[in-house]
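**Student:** here is a sequence together with a model predicted from it:
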Amino acid sequence: MIKRLDTLEVATSDLADAASIYQKNFGFAVARTADGKSASVKVGGAEIRLVASAIDSSSEGMIGLWLEADDVDQVIADFRAAGLEAGAIRIESGRRILTIDPKIASQVPLFIFDRKA
């Protein structure tokens, strides 16, 4: 069903500081976007995406978990078989993306996608 963790999105009120922490404390190479609104760290085949947000530091933390599946339709079928409601599929950047209600994912904003778009 799910084949890999793709991206973990983290909101931060201070992008430069967050990027510095990942570089200094963990030795990661941080790639910043040209617009200065996000930065990313590659960890194996996954990415940690730091996203600048107009929030106070008490609201910083995970804002999205992206998982890649072989087939989003099968994920939906499995959810329904388990008695869970799956959301609608949207197509974006060559991916079919299923948004899962955080209520059924331990309050984690969860996105499951395939590349069948």
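**Tutor:** Looks like it arrived, so ask away. Residues are numbered from 1 along each chain as shown.

**Student:** select the longest helix from this structure.
**Tutor:** helix 15-26 (DSSP state H).

**Student:** now do the buried residues in the following helix or strand past that one.
**Tutor:** Following helix 15-26 in sequence order, the next helix or strand is strand 30-32 (DSSP states H and E). Judged by neighbour count using 16 or more other CB atoms under 10 Å, the buried positions of strand 30-32 are Val30. For glycine as for every other residue, the C-beta is placed from the backbone atoms N, C-alpha and C.

**Student:** phi, psi of Ile100?
**Tutor:** phi -100, psi 130 (degrees, to the nearest 10).

**Student:** just to revisit the earlier point, list the helices and strands the longest helix of the chain packs on?
**Tutor:** strand 30-32, strand 38-43, strand 46-52 (3 or more CB pairs under 8 Å, 6 or more residues apart in numbering; DSSP states H and E).

**Student:** closest one to Leu98 among the ones you listed?
**Tutor:** With CB to CB as the criterion, Leu98 lies closest to strand 46-52 of the helices and strands packed on helix 15-26, at 18.5 Å.

**Student:** can you list the strands that that closest one pairs with?
**Tutor:** strand 2-12 (parallel), strand 38-43 (antiparallel) (DSSP bridges).

**Student:** what residues sit buried inside that strand?
**Tutor:** Glu47, Ile48, Arg49, Leu50, Val51, Ala52.

**Student:** before we move on, what about stretch 102-117?
**Tutor:** Leu110, Phe111, Ile112, Phe113, Asp114.

**Student:** check the gap between the second one and Phe79 for me.
**Tutor:** Separation of Phe111 from Phe79 (CB to CB, to the nearest Å): 14 Å.
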